[in-house]
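coords please:
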Amino acid sequence: MSLFETHYKNIYQLLEYEDYPNLLKKIIDLALDTEDLSYYKKTVYLLDWLELNQTNIPEIRERFKILLDDLFAFLQKKGNSQGEKLLIVQNLIKAYTQSYFALGPISFDISEGEIIGLVGENGNGKTTLLRSLCGELAPTNGKIDYLFEYKDNYDLRSQLIYIPQRTKDWHGTLLSNLQFTAASYGILGEENENLVQLVIARMGLRGYRNLNWNSLSSGYKMRFELARMLLRKPKLLLIDEPLANLDILAQQVVLDDFRDIAKSPFRPLGIVLSSQQLYEVEKTSDRVIFLKKGQPQNADVKEGVAEFKEVAKFIVEFESDWSQEELRTVFSNLELETLQIKGGTYIAIFPANISQERFLQVIVDNHIPLNYFRNISNSTRRFFLS
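Below is the predicted model:
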């Protein structure tokens, strides 16, 4: 089954399961993928109609199906992207003359449709790496190759967008700011009006379009930044701590948006994001780089490109009411190497030949109360252990 056919099937399953909120997001994504004003207008018309007909389920279903068929027929002729490489970083080093800290050397690449997560404690180089990638900081050594076409540095910065952790305030309404952004990139008239309305709806901002900066929560300010980014149609998105100050639900919504945006078969882009939210980033990212004192901890570099290593241990994080002594006694049969307590949570390390199934069988056989469990053998969480 081709990528197009898989995408088609997955979206039509949302219609079959009557998951209309997620289906509407997918329809907007498809409309944006067409880059065609007539489909922008058809989708905006549907959005306006839905506001007045939220309970007419049979007609909602029929209108969704008609527009989906139309969008897929158009996009099938347009064709999909091939997942080309966007950027190669080779032995990048960024040092500071009045500081002992230095980033790197670090090497990796990123392709269309790929998400790379940067994790690590504060002050270990995540922001330095992002600012180097976007051109704000010049490398001390090494090089960064951008593999997409661009005319000059201004055009490069248009296609390679960096969203810092603390964004600038803006004045006026959310709607007027996004219309101004679109106009700044040559999107005018009907196309401006309809494209902005689509992007606003896609980011869940339709009910907030007439509010100003001070009226938005942190989560909606982040959605605004993503909406502004979509209008610029970038190749690569670099984003610093996008989950900071967001509640759990808002974090999941933003991360789902990242995946949907990055993985579009028709307009994929690469994303590099940093965060302290380790597990959430790991679930979303295709690869994760852990930085400690500026050094990548989980990559071997061969021919200038990072290859991410697996760990040769079975490591489990769990919570239990049993004492450390009781657990050590039981786990001795599993060749327990170390058992630590971190913030009320146990970290147990076993040889690589011990499987998750054997560990859980011991838990069951000995009736050990288990309140929480996670296999972190290949998680960057293991690099936080002493």
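
Contacts only, for residue 161.
Going by Cβ atoms under 8 Å, 6 or more residues apart in numbering, residue 161 touches 134, 229, 232, 234, 236-238. C-beta: built from backbone N, CA, C; applies to glycine.

and the residues you listed, which of them are in helices?
Mapping the contacts of residue 161 onto helices (DSSP state H) picks out 229, 232.

Just the buried ones from the contacts of residue 161?
Among these, those buried by neighbour count (16 or more other Cβ atoms under 10 Å) are 134, 229, 232, 234, 236-238.

just those now: which is nearest residue 111?
Closest approach to residue 111 among the buried ones among the contacts of residue 161 (Cβ to Cβ): residue 236, at 10.2 Å.

tell me the contacts of that closest one?
Contacts of residue 236 by Cβ under 8 Å, 6+ apart are 86-87, 110, 133, 148, 159-161, 269-272.

tell me, what residue is most central in this protein?
residue 258 (4.0 Å; Cα atoms, centre = their mean).

Please tell me I have it right and it contacts residue 115.
Yes - Residue 258 is in contact with residue 115 according to Cβ atoms under 8 Å; the separation is 6.3 Å.

Could you pull out the residues contacting both of the two?
271, 273, 284.

before we move on, the earlier item: show me which of the contacts of residue 236 is closest to residue 41.
Using Cβ to Cβ, residue 269 is the member of the contacts of residue 236 that sits closest to residue 41, with 24.7 Å.

circling back to that earlier point, would TSV of the contacts of residue 161 with pLDDT and distance to residue 41 be doable?
Output for the contacts of residue 161, formatted as TSV (pLDDT from 0 to 100; distance: Cβ to Cβ, whole Å):
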residue	pLDDT	distance to residue 41
134	89	34
229	88	23
232	85	21
234	88	24
236	93	30
237	93	27
238	93	33
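
among the contacts of residue 161, which are in strands?
Members of the contacts of residue 161 lying in strands (criterion: DSSP state E): 236-238.

got CSV for those residues, with distance to residue 219 too?
Output for the ones in strands among the contacts of residue 161, formatted as CSV (distance: Cβ to Cβ, whole Å):
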residue, distance to residue 219
236, 24
237, 18
238, 20
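
which one of the residues you listed is nearest residue 263?
So of these, ranked by how close each gets to residue 263 (Cβ to Cβ), first place is residue 237, at 12.8 Å.

tell me which residues in the longest helix along the chain are buried?
Longest helix in the chain, counting residues (DSSP H): helix 57-78. Under the neighbour-count criterion of 16+ other Cβ under 10 Å, helix 57-78 has 60, 63-64, 67-68, 70-72, 74-75 buried.

Go through the ones in strands among the contacts of residue 161 and name the one nearest residue 45.
Nearest member of the ones in strands among the contacts of residue 161 to residue 45, counting by Cβ to Cβ, is residue 237, at 29.4 Å.
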